[in-house]
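Novice: Show me the folded form of this:
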Amino acid sequence: MLLLALLCPAQAAAGEPVRLPVIMYHHISKDASRAGDYVVTPELLEGDLRWLSEHGYTAVSTAELIDYCAGRGGLPERPVLLTFDDGQLSVLEYALPLLEKYDMCAVAALVGSLCDREAELSYRSPEYSYLNWAEAAELAASGVFELAAHTQAMHEEAYPRRGCLPKPGEGEADYRRALSEDLEAVERSIEAASGARPLVFAYPYGFHCEAAEALLRERGYALSLTCEERVNTLTGEPEELFGLARFNRPAQEGREAFFARLGM
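Specialist: Numbers count the residues shown, from 1 in each chain. A predicted model of the protein is given here:
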């Protein structure tokens, strides 16, 4: 959990290069027939967590990373950042108990409009539903999960706007206004659920640009997540936390092969 992670002795002081692999999960389903690029089973997730634990990796929070890059602390010898995108109810149902079991922490990136919609639905299941805001608050209160913004309503891959990128022909002022209004909405909801505005932003589909990054910095974000697949190297500079790369965890790839791709 976050508290226990913060109490662990740090072995890499600020300024020393640290390799930081970041793993990106999405939905978790008990139905093995649904497993694929963006769906894993609870058994696969638990196997990953067990592997990380047995090989000496420590899950770190983004708060620890921010402190490290601000010169306020160190990191464990083998840190790893775990993230869960989109905010499905399965994260609360399956991921939370497993993270508690293995004493690990993670980030949940929430799409505000999807959480809003859940409040109006009568029939819900961890097999297909998203978190509502009460459940997001439960996730944050666990001390295991940090809540990140994944936009309010810009989680779309198709034309005319791809993720939170500018639309074709959209002027700078109009783009800044549209993204600011979107961020303000999801930030207010995350603050109401967790007690704090988010410091972490996950780009929908990994689509990012300089204009979006600049606005995130202005709004006080300290870390952003992409979908580029490479291992990050940190030396203690705050700039290094913007545009962190992540490896998506597909169900069809064997565990040893997946972690070998991450150089673990």
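
Novice: the strands in the stretch 1-150 of the chain, which residues?
Specialist: For the stretch 1-150 of the chain, the strands defined by DSSP state E, counting those that start in this stretch occupy 18-20, 22-25, 27-28, 39-40, 58-59, 79-86, 106-110, 145-149.

Novice: Let me know the secondary structure of the residue lying closest to Ser113 once chain neighbours are set aside.
Specialist: Of all residues not flanking Ser113 in the chain, Ala153 sits nearest, at 4.2 Å (Cβ to Cβ, 6 or more residues apart in numbering). To be clear about C-beta, it is placed using only N, CA and C from the backbone, and glycine gets the same treatment. Three-state call for Ala153 (DSSP: H, G, I helix; E, B strand; the rest coil): coil.

Novice: How many residues are close by Ala153?
Specialist: Residues lying near Ala153 (other Cβ atoms under 10 Å) number 14.

Novice: Ser33 now?
Specialist: Residues near Ser33, counting by other Cβ under 10 Å: 7.

Novice: next one: Ser189
Specialist: Using other Cβ under 10 Å, Ser189 is surrounded by 21 other residues.

Novice: swap in Glu210?
Specialist: 7.

Novice: Also the one 3 residues further on?
Specialist: Under the neighbour criterion other Cβ under 10 Å, Glu213 is assigned a count of 16.

Novice: check which helix or strand covers it.
Specialist: Take DSSP states H and E as the rule and Glu213 turns out to sit in helix 210-218.

Novice: So which bits of that helix are buried?
Specialist: Within helix 210-218, the residues scored as buried using 16 or more other Cβ atoms under 10 Å are Ala212, Glu213, Leu215, Leu216.

Novice: Contacts for the helix or strand just after it, please.
Specialist: Next helix or strand after helix 210-218 toward the C-terminus (DSSP H and E): strand 223-225. With contact meaning Cβ atoms under 8 Å, 6 or more residues apart in numbering, strand 223-225 is reached by 22, 24, 62, 65-66, 83, 107, 109, 148, 199-203, 208, 213, 216, 241-244, 246.

Novice: Where is the longest helix in the chain?
Specialist: helix 172-194 (DSSP state H).

Novice: That one to strand 106-110, inter-axis angle?
Specialist: 120 degrees (axes from the mean of the first three to the mean of the last three Cα atoms, to 10 degrees).
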